[in-house]
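Peer 1: no sequence on this one, just coordinates:
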């Protein structure tokens, strides 16, 4: 799946990108910004990210962490069965793959994570 296909299929939804790096990072944003997120933002902010898992949340104000720790993650976010790998994104290409098995987030309950909500101004 490309970013354009992702944008069309998940139009109007709020996406939670679960990004693994040396630390865990969570990014919430509207689906229409997936191209910017994948092609520019993530490589600039986390150049050594490894994997990314995509979830859907109800809105941008949903709190996934409490006191900086992941809590009841699967109650607040719905896995979209999509993931991306940094090595697949070379040459300005956006590649999002589907999967049949969700990652085991129970291992991350109570672990520290950095949460970011991305909001974009359109002028």
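Peer 2: Here it is on my side, so go on. This one's a predicted model, so the numbers in the text were calculated from it and none came from an experiment.
Peer 1: quick check: closest non-adjacent residue to the residue nearest in space to the middle of the chain.
Peer 2: In the chain, the residue lying closest to the centroid (Cα atoms, centre = their mean) is residue 17, at 0.7 Å. Nearest residue to residue 17, sequence neighbours excluded (Cβ to Cβ, 6 or more residues apart in numbering): residue 27, at 4.5 Å. No exception for glycine: its C-beta is placed from N, CA and C like everyone else's.
Peer 1: go on, residue 111?
Peer 2: residue 70 (5.6 Å).
Peer 1: ok, now how distant is that neighbour from residue 83?
Peer 2: Separation of residue 70 from residue 83 (Cβ to Cβ, to the nearest Å): 18 Å.
Peer 1: report the contact partners of the residue nearest to the centre of the chain.
Peer 2: Contact analysis of residue 17 by Cβ atoms under 8 Å, 6 or more residues apart in numbering lists 26, 27, 28, 29, 37, 42, 52, 53, 54, 55.
Peer 1: can you tell me the SS state at it?
Peer 2: With DSSP: H, G, I helix; E, B strand; the rest coil as the basis, residue 17 sits in strand.
Peer 1: identify the bridge partners of it.
Peer 2: Going by DSSP bridges, residue 17 is paired in beta bridges with residue 27, residue 54.
Peer 1: for stretch 32-49, buried residues please.
Peer 2: Buried positions in stretch 32-49, judged by neighbour count with 16 or more other Cβ atoms under 10 Å: 32, 33, 34, 37, 38, 41, 42, 46, 49.
Peer 1: stretch 76-92 now?
Peer 2: Buried residues in stretch 76-92, defined by neighbour count with 16+ other Cβ under 10 Å: 76, 77, 79, 80, 82, 83, 84, 86, 89.
Peer 1: thought the last one was touching residue 95?
Peer 2: Yes. The pair residue 89 / residue 95 is scored as a contact, 6.2 Å apart, by Cβ atoms under 8 Å.
Peer 1: what's the end-to-end length of stretch 93-103?
Peer 2: End-to-end distance for stretch 93-103, by Cα to Cα, to the nearest Å: 24 Å.
Peer 1: for stretch 79-97, that is, sorry about that
Peer 2: By Cα to Cα, the extent of stretch 79-97 from end to end equals 13 Å.
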